[in-house]
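> Take a look and give me a structure for this.
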Amino acid sequence: MPIEPGDTVTVEYVGRLEDGHVFNTSRYEVAAEHGLVEAQGATREEYTPLTFTVGTDAVIAGLDEALVGMTAGETASVTVPPEEAYGEFDDERVRRYDAETFEAMVGQDPEVGLHVHAENGLHGDVTAVRDGEVEVDFNHELAGKTLVLEIEVVDVR
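Numbers count the residues shown, from 1 in each chain. As a prediction, this is how the structure comes out:
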């Protein structure tokens, strides 16, 4: 039976950028081949199929929409534009802080690449430290990017 909103599905997936770079996957072998296992310090057990209920905003809209009408065992390659994934890059989500203020808020010296958690629940990455100023990007790391998802429907309930 074709998948409908409200169905619980289990999918295997490989997420790529348009240039072919793999950014995430449920398949350990693909993760190992593309250096994700080492980069994330993950174990084989952490690479598992994704299970969620279609139509509940549990995943990006482009994946949710692509699954409707598919059936168990079916595979597809889906191109998801930014607006159906993690949104467009928003310059207003890049904030600048005085270095002393940043250190007081975070409790660490600013360093490019440092991942920070703001009190309002946002997560960001330090992208620049210069002239006593710290730049933090609160955009999702995949904001503004078109994604290519290879999906396989494993189960539908």
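> mind listing the helices for this structure?
Applying DSSP state H to the chain gives helices spanning 28-33, 36-40, 61-67, 99-106.
> Could you save those as a markdown table and add columns showing mean neighbour count, mean pLDDT and distance to Glu84?
In this view, the C-beta of every residue, glycine as well, is placed from N, C-alpha and C. Converted to a markdown table, the helices of the chain look like this (neighbours: other Cβ atoms under 10 Å; pLDDT from 0 to 100; distance: least, Cβ to Cβ, whole Å):
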| stretch | mean neighbour count | mean pLDDT | distance to Glu84 |
| --- | --- | --- | --- |
| helix 28-33 | 16 | 96 | 23 |
| helix 36-40 | 13 | 88 | 23 |
| helix 61-67 | 19 | 98 | 4 |
| helix 99-106 | 14 | 90 | 33 |
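> Throw these into a markdown table and include distance to Asn120, thanks.
Listed next are the helices of the chain as a markdown table, based on distance: least, Cβ to Cβ, whole Å:
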| stretch | distance to Asn120 |
| --- | --- |
| helix 28-33 | 32 |
| helix 36-40 | 26 |
| helix 61-67 | 24 |
| helix 99-106 | 12 |
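> Looking at the ones you listed, which is nearest to Ala85?
helix 61-67 (5.6 Å; Cβ to Cβ).
> Show me what that closest one packs onto, helices and strands only.
Judged by 3 or more Cβ pairs under 8 Å, 6 or more residues apart in numbering; DSSP states H and E, helix 61-67 is in contact with strand 8-17, strand 75-80, strand 147-156.
> Export only the CA atoms of that helix, formatted as PDB.
These are the backbone C-alpha positions of helix 61-67, laid out as PDB (Å, rounded to 0.1, in the frame of the first residue of the first chain):
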ATOM      1  CA  ALA A  61       9.700  18.600   4.400                       C
ATOM      2  CA  GLY A  62      11.300  17.400   1.200                       C
ATOM      3  CA  LEU A  63      11.800  13.900   2.500                       C
ATOM      4  CA  ASP A  64       8.400  13.800   4.100                       C
ATOM      5  CA  GLU A  65       6.700  14.800   0.800                       C
ATOM      6  CA  ALA A  66       8.900  12.400  -1.300                       C
ATOM      7  CA  LEU A  67       7.800   9.400   0.700                       C
END
